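J.: Give me a model of this one.
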Amino acid sequence: MNKHLGAAALWPNPPELPLPAIMDQRWLDAVFLHWRIPESSAARFMPPGVEPDVFDGSSWVGLIGFRMKGAGIGRGPGIPYLGSFNEVNVRLYSREPDGTRGVVFLSLDANRLPVVLAARQAGIPYVWSRIRSWGTPPGTPPEGMGGGTSGYSVSRFRKGASSRFSVTPNLGSVADDPLSLHVTARFGLHSRFFGRTIYIPNTHEPWTLNRADVHELQDGLISSAGIEVGGPPESVLYSPGVRTQFGWPRVVTGSLGVRDQSRQ
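T.: The predicted structure follows:
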């Protein structure tokens, strides 16, 4: 295999997005940290009708930070102020019986209160927080060299959980391994809405993925979500970002059920 082809050559074709598109946005300066966890730890967070999407015998939990830019309704322009903000989320990976893959969000911290309130009405577990991003790496440096640190800090209001993490991207090292694709080639999310599991599809071009090293990591968001991890993350990635569009939600077949009471 030509090592210079990168992840794009291996990227699965995203399914066709159901029309009309309901939202257009960009995700910039993304940092991905992932830990291996037991499948049983992830299973109790899966909504009815989906199960953990296992890779290498394990489920995976991700701590992801990025800058939302220019989010707008449909294919229209970004909404001023409310369409651009910092976000840090904790997520798991899900799969329907027909093979449709998605993510299940345990929390999504954002620093725009109206966005948080609107998303929570739709069943998406947003949390209002102070979030800072820093250290956007400059243009691609010479082969094999890094470009500075990129990171995020989160402080939830009312003395809630906090997090601070940063990485040093290696912009000369493309990440095209199967695990990197497993946790980033995701074209939808599974969530609960009025007692049913829904799937909200999205589409985007392949992430430009670079390997990275942890520069700083002090996290309380994953444990606050109800999952315990130990040691450093097994996968550390950086991407300058992608543009994405979301399509109309659908109800997952056989998803009418009661949420696992062990989570309460």
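J.: Helices along the stretch 151-264 of the chain, start to end?
T.: Taking DSSP state H, counting those that start in this stretch, the helices of the stretch 151-264 of the chain run over residues 178-184, 221-224.
J.: Out of the ones you listed, the one nearest residue 57 is which?
T.: Proximity to residue 57 (Cβ to Cβ) singles out helix 178-184 among these, at 11.9 Å. Using the backbone N, CA and C atoms, a C-beta is placed for each residue, glycine as well.
J.: Who are the packing partners of the closest one?
T.: helix 7-10, strand 23-37, strand 59-73, strand 235-246 (3 or more Cβ pairs under 8 Å, 6 or more residues apart in numbering; DSSP states H and E).
J.: Mind listing residues that contact it?
T.: Residues from elsewhere that reach helix 178-184, judged by Cβ atoms under 8 Å, 6 or more residues apart in numbering: 7, 10-12, 32, 34, 53, 55-56, 60, 62, 93, 207, 209, 234-235, 237, 239.
J.: List the buried residues in that helix.
T.: 179-184 (16 or more other Cβ atoms under 10 Å).
J.: distance between it and the chain's centre?
T.: Distance of helix 178-184 from its chain centroid, counting by Cα atoms, centre = their mean, to the nearest Å, is 12 Å.
J.: Adjust the sequence numbering to begin at 523 for everything that follows.
T.: Yep, numbering from 523; the last one is helix 700-706 now.
J.: gap between the spatially most central residue of the chain and residue 680?
T.: Nearest to the mean C-alpha position of the chain, by Cα atoms, centre = their mean, lies residue 586 at 5.4 Å. From residue 586 over to residue 680 the distance is 23 Å, taken as Cβ to Cβ, to the nearest Å.
J.: Equivalent analysis for residue 670, please.
T.: Distance, residue 670 to residue 680, by Cβ to Cβ: 33 Å.
J.: Please identify which of these two sits among more neighbours.
T.: A count of neighbours by other Cβ atoms under 10 Å puts residue 670 above the other of residue 670 and residue 680, at 15 against 5.
J.: now that one: how far from residue 747?
T.: For residue 670, the distance to residue 747 - Cβ to Cβ - is 29 Å.
J.: ok, now residue 678?
T.: In this structure, residue 678 lies at 12 Å from residue 747, with Cβ to Cβ as the measure.
J.: quick one: contacts for residue 685?
T.: 585, 610, 674-676, 740-743.
J.: Is it possible to mark the buried ones in those residues?
T.: Among those, those scoring as buried are 585, 610, 674-676, 741, 743 (criterion: 16+ other Cβ under 10 Å).
J.: Which pair in the residues you listed has the greatest spatial separation?
T.: Within the buried ones among the contacts of residue 685, 585 and 675 form the most distant pair, 12.5 Å apart (Cβ to Cβ).
J.: My read is that residue 725 contacts residue 535, right?
T.: No: applying Cβ atoms under 8 Å as the test, residue 725 and residue 535 come out as separate, 9.8 Å apart.
J.: Would you mind measuring from the residue nearest to the centre of the chain to residue 756?
T.: For residue 586 relative to residue 756 (Cβ to Cβ), the value is 15 Å.
J.: Then residue 552?
T.: Separation of residue 552 from residue 756 (Cβ to Cβ) stands at 18 Å.
J.: The two: which has the busier surroundings?
T.: A direct count of neighbours by other Cβ under 10 Å for residue 552 and residue 756 places residue 552 higher, at 22 against 14.
J.: Would you mind confirming that that one makes contact with residue 590?
T.: No: the criterion here is Cβ under 8 Å, and residue 552 misses it with residue 590 at 10.5 Å.
J.: circling back: quick one: the helices and strands packed on helix 700-706 as TSV, columns for distance to residue 627 and mean pLDDT too.
T.: Output for these, formatted as TSV (distance: least, Cβ to Cβ, whole Å; pLDDT from 0 to 100):
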stretch	distance to residue 627	mean pLDDT
helix 529-532	23	57
strand 545-559	14	95
strand 581-595	10	92
strand 757-768	14	95
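J.: wait, doesn't residue 555 sit right on residue 687?
T.: Yes: Residue 555 is in contact with residue 687 according to Cβ under 8 Å; the separation is 6.4 Å.
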